[in-house]
Structures are given as C-alpha cells and as structure tokens.
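Trainee: dropping the sequence and predicted coords here.
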Amino acid sequence: MKKNIAIIMGGYSSEYQISLKSGNVVYRALDKDKYNVYRVHIFKEKWVCIDSNTVEFPIDRNDFSVIIENTKISFDCVFNAIHGSPGEDGLMQAYFNLIGLPQTSCDAYQAALTYNKRDCLSVLKPYGILTAESYYLNLGDRINDTEIIEKVGLPCFVKANKAGSSFGITKVYKIEDLKQAIQVAFKEDDEIIIESFLDGTEVSVGVITYKGETKVLPITEIVSENDFFDYEAKYMGKSQEITPARITKEQENKVTTLAKKVYEVLKMKGYSRSEFIFQDGEPHLLEVNTVPGLTNESILPQQAAEAGIGMQELFDSAIEAALKNNN
C-alpha cells in the first residue's frame, strides 16, 4: 500500500517564498507510484492542504490529518521543506514528535540549536571547531561601537542570530555604519551576532544520512559577484557555485572531516549544509542549516547530482530514513 506523504512548506519567516519553491520541487520529484503526495502550507494564519487547483483543505492540528471529499487522510510521514521558523527552529519537529508522526529533518533540539548561530557555535567550540571572532547583542542592550570593533575588527558582518537566506545581514566597513547595520539585523530577530571578516575561500558542505550512513557530499565553492553571499547572490544568479570546489586535497580532507564531525557531534538526522571559510588554510565554521534549499538552483541538490544521486532518490532516501527511525 502506498504511503501518504505530506510535504510541509511556507513557514513564518522571510524565507517562506523560497520554502514554497523547495516544497514544490519535492512534490514534483517524488515517485507518485510509490507515494500519495500532498502539499501542506504552514502559515501563522492557516495550516492547509492544497490540491492541484489550489483548493484549500484545513489541517486538523490534533493529529495532522485532513478531510478531502469526505475522506479523512492521515499521513505516514512528513517531508519538511520549511526554511526558517517553524520548520527549522524545532517547533514543527517537537509537534510531530508529540503526535508520533515521523518527519525527514533532524530532531527538535538539534533544529533549535543550529537555528541559533550563537548557541550552535558555542556548543561546537570545545570540539576544536574554529569560528570567526564574534560579539553578541540582544535587543535593548547598550551598544558600544568602539568595544564591538575592538573585538571583531573591520570589516565585519552584522547578522540576525536566528534567520536564514542572508536576511538581515550587512557587511560593515566603517564604524559609523555599524548602528544602521544593527538596526537592519534587529528587524529580523531580537538577537544579533557580529562577526569578524574571514578573508578566504568560502565553501558549502552537504552532509546527509544516506542508506543508513553519514555521507558527505561533494563540496561547493561559493564565488559571489556581490560583496558577499547575500540574498541576490543566493537566489538571483549573482554568484558562481562551483561543485566540486577548487580547493586542495588537503583542504578537502579537512573540511570533509570537520563537516562530518559537526553532523555526528550534534547527532543530526536528515539533511544538513554547513558553511565554512578557509582562513590561513583552516576551515572556520559559519553556520549549520538543517533544512537547506531544495530547488533546482539550490546547493544541496547540485552536490547530490555531482555524487550521482538524483532528486527523486535524494528525497526518497530522506523519507525511508524517517520511516525507519520511527519503527
């Protein structure tokens, strides 16, 4: 009997449009002979299942079921394609855990931890993971420009602590521009992280659970046409994403080992994509994404393709792993 699979997409953050694209790519790729596939939009104002004519059917949040044409549909597994909250910060994972429904991403604690850049980097530092010099601010804190710059230097990056897709990020060259950058970041989150500039090759490393094993995918080098890998660079073609990356074998071995270590130390499941910059030959971790983009242009599917894993196989393996973990 075919399994009923719900693909959740949308979300509560600025990333919802990218999530809708990712979710629809998954929807088109999954084998309809193997699965009954349903698209579910998760928004603050509504959770709805939509059909091919975009007719909406409300989700019963008591058990995440839906009634379509007088028939109640319960799901066997949820494919998580929500970037940002509530799909990447642990909220949906905790909900599905409570109702006993398997889902394809990591567990709630890992999602919440990695979504918080500050906390994630702090947890990993004792394991020898190198990071940029950083300074943290909460909304309402006193802002001492001189103290910040003495800690991180110039140029520096001001980032929302809990946001993705480069929303709320500014590269600051002059101390007089710092307060404006902080205001931009606070529009996305009430916590921000200010990091020193790392001058080196930036790479993105996908790590997945594949056929029961931790698999590090071919590495992607990020070459932005803009000043850094911002929203335009990520989603509007203003960058080169070169897979495999043009790095030495020694660099490849170092960052592959490190990305796998991060995945296993944090006890991850499903997909992850870690971002690193090489400084003086050593990879420094920037962040870990647990629901990376899954569009045709996204990095993780590009890496999987380089490894000989097609879209259908990539998504199917995540569902199979989630169902196996739930047994």
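Mentor: Perfect, I can see it now.

Trainee: residue 298 and residue 22 touch, don't they?
Mentor: Yes: counting by Cβ atoms under 8 Å, residue 298 does reach residue 22; the two are 7.1 Å apart. C-beta here means a position set from N, CA and C on the backbone, and glycine is covered the same way.

Trainee: more crowded one of those two?
Mentor: Per other Cβ atoms under 10 Å, whichever of residue 298 and residue 22 has more neighbours is residue 22, with 27 against 21.

Trainee: tell me if that one really is in a helix.
Mentor: Yes: Residue 22: assigned to a helix according to DSSP: H, G, I helix; E, B strand; the rest coil.

Trainee: please name the residues that touch the closest residue to it other than its chain neighbours.
Mentor: Spatial nearest neighbour of residue 22, excluding adjacent residues (Cβ to Cβ, 6 or more residues apart in numbering): residue 294 at 3.9 Å. Going by Cβ atoms under 8 Å, 6 or more residues apart in numbering, residue 294 touches 22, 23, 25, 26, 81, 300, 301, 315.

Trainee: how far away is the fifth one from residue 312?
Mentor: Right, residue 81. 15 Å (Cβ to Cβ, to the nearest Å).

Trainee: neighbour count: these two, which is higher?
Mentor: residue 81 (31 against 14).

Trainee: the more buried one and residue 282, how far apart?
Mentor: In terms of Cβ to Cβ, residue 81 sits 34 Å off from residue 282.

Trainee: next one: residue 101
Mentor: Separation of residue 101 from residue 282 (Cβ to Cβ): 41 Å.

Trainee: and the two? Which one has more around it.
Mentor: Taking neighbours as other Cβ under 10 Å, residue 101 and residue 282 compare with residue 101 leading, 19 against 14.

Trainee: burial measure for residue 193, as a count.
Mentor: Residues within reach of residue 193, counting by other Cβ under 10 Å, total 24.

Trainee: ugh, wrong one, residue 6
Mentor: Residues near residue 6, counting by other Cβ under 10 Å: 25.

Trainee: and for residue 141?
Mentor: Residue 141 has 11 nearby residues by other Cβ under 10 Å.

Trainee: tell me how far it lies from residue 5.
Mentor: Residue 141 is 44 Å from residue 5, by Cβ to Cβ.

Trainee: could you do residue 288 as well?
Mentor: For residue 288 relative to residue 5 (Cβ to Cβ), the value is 26 Å.

Trainee: chain center to the longest helix along the chain: distance?
Mentor: When the chain is parsed with DSSP state H, its longest helix is helix 249-265. Computed by Cα atoms, centre = their mean, to the nearest Å, the chain-centroid distance of helix 249-265 equals 18 Å.

Trainee: re the thing from before, give me the pLDDT value at the residue nearest to residue 22.
Mentor: pLDDT recorded at residue 294 is 95.

Trainee: with residue 238 instead?
Mentor: pLDDT at residue 238 comes out at 60.

Trainee: confirm for me that residue 321 is in contact with residue 270.
Mentor: Yes: in this structure, residue 321 is within contact of residue 270 by Cβ under 8 Å, at 7.2 Å.

Trainee: what do these two both touch?
Mentor: Common contacts of residue 321 and residue 270 (Cβ under 8 Å, 6+ apart): 104, 209.

Trainee: who has more neighbours out of the two?
Mentor: Neighbours per residue (other Cβ under 10 Å) separate residue 321 from residue 270, with residue 270 holding more: 25 against 20.

Trainee: any low-confidence regions in the stretch 101-250 of the chain?
Mentor: Counting by pLDDT under 70, the stretch 101-250 of the chain shows low-confidence ranges at 163-166, 226-238.

Trainee: can you show me the helices along it?
Mentor: Secondary structure of the stretch 101-250 of the chain (DSSP state H, counting those that start in this stretch): helices at 108-115, 117-124, 145-152, 178-186, 231-235, 249-265.

Trainee: reformat these as JSON lines; add distance to residue 18 and mean neighbour count.
Mentor: Below are these laid out as JSON lines (distance: least, Cβ to Cβ, whole Å; neighbours: other Cβ atoms under 10 Å):
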{"stretch": "helix 108-115", "distance to residue 18": "16", "mean neighbour count": "21"}
{"stretch": "helix 117-124", "distance to residue 18": "19", "mean neighbour count": "19"}
{"stretch": "helix 145-152", "distance to residue 18": "29", "mean neighbour count": "14"}
{"stretch": "helix 178-186", "distance to residue 18": "19", "mean neighbour count": "18"}
{"stretch": "helix 231-235", "distance to residue 18": "7", "mean neighbour count": "18"}
{"stretch": "helix 249-265", "distance to residue 18": "23", "mean neighbour count": "17"}
